[in-house]
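> any chance you could fold what I've pasted below:
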Amino acid sequence: MAPDHMEQLCDSGRGVIVRDALERIGDKWTLLVVGMLDEKPMRFTALRQSVPGISQRMLTLTLRHLERDGLVSRTAYPEVPPRVEYALTPLGARLLPPVLELARWALDNAAEIRENREAYDGAATA
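Numbering: from 1, shown residues only. Take a look at the predicted model:
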């Protein structure tokens, strides 16, 4: 991205908007949860089982944040026992293509990044 593009993104308070969005999608769990909801709505327990290492508390918080931002919807069904499903909203679905592109970039460049880190770490200890 050219410098003038970054200036446009960051002027007139836009920097706060960009930073807030990146903070939300860049946390440890958001992208995994959004990715799991890509194909179908899921119940809380199924989501928790699908996202390795997430605690019940962190999944609850992540889902609340995503619901608040309008990326995920929560539907409670009046059944016994109660059933709640989470699904991507259209806004959440629009998040997936750029995120998947970023993931592809990370995978395509992982070896070069690893080599650069090793070179940097080697130079720092020398």
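> please enumerate the helices of the chain.
Remark: helices assigned in the chain by DSSP state H are 3-10, 14-25, 30-36, 44-50, 56-68, 90-125.
> so which helix or strand of this structure has the lowest pLDDT on average?
Least confident helix or strand of the chain, by mean pLDDT, DSSP states H and E, is helix 3-10 with a mean of 67.
> before we move on, the earlier item: dump the helices of the chain to a markdown table, plus mean neighbour count and distance to residue 80.
Just so you know, the C-beta spots here come from the backbone N, C-alpha and C atoms, and that holds for glycine as well. Formatted as a markdown table, the helices of the chain follow (neighbours: other C-beta atoms under 10 Å; distance: least, C-beta to C-beta, whole Å):
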| stretch | mean neighbour count | distance to residue 80 |
| --- | --- | --- |
| helix 3-10 | 11 | 50 |
| helix 14-25 | 12 | 35 |
| helix 30-36 | 20 | 26 |
| helix 44-50 | 15 | 17 |
| helix 56-68 | 16 | 22 |
| helix 90-125 | 11 | 29 |
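> ok, which of the ones you listed comes nearest residue 74?
helix 56-68 (5.4 Å; C-beta to C-beta).
> poorly predicted segments of this protein, please.
Applying pLDDT under 70 to the chain flags the ranges 1-4, 9, 12.
> can you do 90?
1-28, 31-32, 35, 39, 79-82, 99-104, 106, 123-126 (pLDDT under 90).
> what distance do you get for residue 117 to residue 125?
According to C-beta to C-beta, to the nearest Å, residue 117 stands 13 Å off from residue 125.
> contact partners for the most centrally placed residue in the chain?
Taking C-alpha atoms, centre = their mean as the criterion, residue 31 is the residue nearest the geometric centre of the chain, at 2.5 Å. Contacts of residue 31 were listed using C-beta atoms under 8 Å, 6 or more residues apart in numbering, and they are 25, 99.
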